[in-house]
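Enquirer: here's my sequence, what's the structure:
(2 chains)
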Amino acid sequence: AQKITQTQPGMFVQEKEAVTLDCTYDTSDQSYGLFWYKQPSSGEMIFLIYQGSYDEQNATEGRYSLNFQKARKSANLVISASQLGDSAMYFCAIPGTSYGKLTFGQGTILTVHP
Amino acid sequence: GAVVSQHPSWVICKSGTSVKIECRSLDFQATTMFWYRQFPKQSLMLMATSNEGSKATYEQGVEKDKFLINHASLTLSTLTVTSAHPEDSSFYICSASSGGQTQYFGAGTRLSVL
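Expert: Next up is the predicted model:
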């Protein structure tokens, strides 16, 4: 079964600094992907970034990048130049055993200080 | 692209009444829709998966008769909480997929049962 672990319940970062949110996973699938979503206090889940296990380059989307280390089974999210609007809960997710399903981690609450 | 609209965003109802929540994919055809429940500062719990034109698949422990799901078209799925009670108060959020692994989420519905 798929398992996702986010060990940081909360993180704090100074505005304009970079921050890394940790995510480790366990899967028996040979081919898989990792997702990161952002959930502001308003509640909606915003898709941020995705990387497939066979992608050679780490995915990048604007200020978001994925530090994907397959040997360590980790897929950390790096947010560069943090902004106050980045304060939110962040979830990593991996496709589940049934096609289309996602298994989510526990989430990390990020607070950006001015 | 990939916009999912969820309505209502907030609903308050009396105990014993039923509440319907709609989830619409606005600019793509959603072959699969997912319904989640989320408690404050916790992860998303998948309730059920629905494919257009067929019965929903419920996760273990989710009452089918309490949470009725209909996915009548490729752009609309509804969740009806029947005979709602205070313990059903929660944040409900839907997501939609066009067949790939990425899920696009609605903004969620906060249900308060008095």
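Enquirer: quick check, residue B:109 in contact with residue B:92.
Expert: Yes: Residue B:109 sits in contact with residue B:92 when judged by Cβ atoms under 8 Å, with a separation of 4.9 Å. Backbone N, C-alpha and C define where each C-beta goes, glycine included.
Enquirer: overlap in contacts of the two?
Expert: Overlap between the neighbourhoods of residue B:109 and residue B:92 consists of residue B:21, taking contacts as Cβ atoms under 8 Å, 6 or more residues apart in numbering or on different chains.
Enquirer: roughly how far apart are the most centrally placed residue in chain B and residue B:14?
Expert: Of all residues in chain B, the one closest to the mean position by Cα atoms, centre = their mean is residue B:35, 3.8 Å from it. Residue B:35 sits 23 Å away from residue B:14, going by Cβ to Cβ, to the nearest Å.
Enquirer: which residues does residue A:78 contact?
Expert: Under the criterion of Cβ under 8 Å, 6+ apart, the neighbours of residue A:78 are A:18-21, A:64-67.
Enquirer: could you rerun that using 10 Å?
Expert: Listed by Cβ atoms under 10 Å, 6 or more residues apart in numbering or on different chains, the contact partners of residue A:78 are A:18-21, A:49, A:58, A:60, A:63-67.
Enquirer: also residue B:93?
Expert: A:39, A:43-45, B:4, B:6, B:21, B:23, B:34-38, B:44, B:47, B:105-110.
Enquirer: just the buried ones from these?
Expert: Buried residues within the contacts of residue B:93, defined by neighbour count using 16 or more other Cβ atoms under 10 Å in any protein chain shown: A:39, A:43-45, B:4, B:6, B:21, B:23, B:34-38, B:44, B:47, B:105-106, B:108-109.
Enquirer: close enough to count as contact, residue B:31 and residue B:97?
Expert: Yes: between residue B:31 and residue B:97 a contact is recorded at 6.8 Å, counting by Cβ atoms under 10 Å.
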